[in-house]
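Enquirer: predicted coordinates and the sequence they were generated for:
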Amino acid sequence: MSSKTDRMWRGLERELDAWDEAGMVARLWLRDDDAIEATPELLRLVELTAGFDIPVTLAVIPSPAKAELAECLALQNHVDVAVHGFAHRNHAGAGEKKCELSFVHGRDVICDELARGLDKLKGLFGRQLFPMLAPPWNRIEDGLAGQLPALGFSALSAFGWTIPGGLPDGLALLNTHVDIIDWKGNRGGRALPVIIGEITDALVQARSRSGAPVGILSHHLVHDDQAWQVLQALFAFTGKQKHVQWESARSLLTNHTE
């Protein structure tokens, strides 16, 4: 690394040293949203993560999901599949932020769609499907989480450290915390120093929360060169660190408690 590159990573290195001093290993996980079919962008993500031995959870949109996607991923042992809503359609009321899982659409309708979506993805992906709901736009109506265990879901993944309304018994929370896409700007990859800073800040929070995992969020369909470079740089850097490891959502929720 050049001296400039070294400086860019220095804050993250110091935070990982703090994890080491606390006798903890930082845990990262990757969720990528909006998978439907085996596009060149998706294949690039699968190849990139496989090359660095990074587990990835693909949030697949059930309604338009194609069988060819399941066939493409069948032998990719580092890939798990989560449920990304139902059709990724906005049902929010006028003037509200985009939300598919809005009671404007009807509570019973939402529950029926989620159950059908989960069943479809189970049929397509079999054991590769992990029954975790990742709501489109990371938004879910207050009170809907309480319905998820009865629909067959064991986990929920949104954005941030909590969700409004809390969680019912039988439902785990595994959120993402750093989004690599600049949705309010060029809708491409955000600058690497910004991403490094946000991961560092998230790890500070995670360390104060007994070593909670930190989730990185990507959207392969909108990745530009900057987004791909961010992922590659992050994977390469963390691969050389002793006190950080990437885990799958399945592993985090099966083997660890927060």
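Expert: Great, that's in hand.
Enquirer: residue ranges with poor pLDDT in this structure?
Expert: Scanning the chain for pLDDT under 70 picks out 1-5, 256-258.
Enquirer: how about the contacts made by the residue positioned nearest the centre of it?
Expert: Most central residue of the chain, judged by C-alpha distance to the mean C-alpha position with CA atoms, centre = their mean, is residue 31 at 2.4 Å. Contact criterion CB atoms under 8 Å, 6 or more residues apart in numbering gives 56-57, 59, 82, 134, 157, 176, 215-218, 249 as the residues in contact with residue 31. C-beta coordinates here come from the backbone N, C-alpha and C atoms, glycine included.
Enquirer: 7 Å instead, please
Expert: Contact partners of residue 31, counting by CB atoms under 7 Å, 6 or more residues apart in numbering, are 57, 59, 134, 157, 176, 215, 217.
Enquirer: any chance of the residues you listed in JSON lines, plus secondary structure and neighbour count?
Expert: Output for the contacts of residue 31, formatted as JSON lines (DSSP: H, G, I helix; E, B strand; the rest coil; neighbours: other CB atoms under 10 Å):
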{"residue": "57", "secondary structure": "strand", "neighbour count": "25"}
{"residue": "59", "secondary structure": "strand", "neighbour count": "25"}
{"residue": "134", "secondary structure": "coil", "neighbour count": "29"}
{"residue": "157", "secondary structure": "coil", "neighbour count": "28"}
{"residue": "176", "secondary structure": "strand", "neighbour count": "24"}
{"residue": "215", "secondary structure": "strand", "neighbour count": "25"}
{"residue": "217", "secondary structure": "strand", "neighbour count": "20"}
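Enquirer: among those, which two are most distant?
Expert: Maximum pairwise distance in these, criterion CB to CB, is 11.4 Å, between 59 and 215.
Enquirer: now the residue nearest to the centre of the chain: how far from residue 220?
Expert: 11 Å (CB to CB, to the nearest Å).
Enquirer: what of residue 72?
Expert: Distance of residue 72 to residue 220, computed by CB to CB: 13 Å.
Enquirer: if we can go back for a sec, residues contacting the nearest residue in space to the residue nearest to the centre of the chain that is not next to it in sequence?
Expert: On the basis of CB to CB, 6 or more residues apart in numbering, the spatially nearest residue to residue 31 that is not a chain neighbour turns out to be residue 57, at 4.8 Å. Remark: with contacts taken as CB under 7 Å, 6+ apart, residue 57 is in contact with 30-31, 80, 82, 248-249.
Enquirer: hmm, try it at 10 Å
Expert: When the contact criterion is CB atoms under 10 Å, 6 or more residues apart in numbering, the partners of residue 57 are 29-33, 79-82, 130, 132, 134, 157, 174, 176, 215, 248-250, 252.
Enquirer: from those, which ones fall inside helices?
Expert: The helices in this structure, assigned by DSSP state H, contain 249-250, 252 from those.
Enquirer: may I see the PyMOL selection of the buried members of these?
Expert: Burial among the ones in helices among the contacts of residue 57 is assessed by 16 or more other CB atoms under 10 Å; the matching PyMOL selection reads:
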select buried, resi 249+250+252
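Enquirer: next, format the ones in helices among the contacts of residue 57 as a markdown table and append distance to residue 150.
Expert: As requested, those are arranged in a markdown table below (distance: CB to CB, whole Å):
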| residue | distance to residue 150 |
| --- | --- |
| 249 | 21 |
| 250 | 21 |
| 252 | 23 |
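Enquirer: so which helix or strand takes in residue 15?
Expert: Element membership of residue 15, judged by DSSP states H and E, is helix 3-21.
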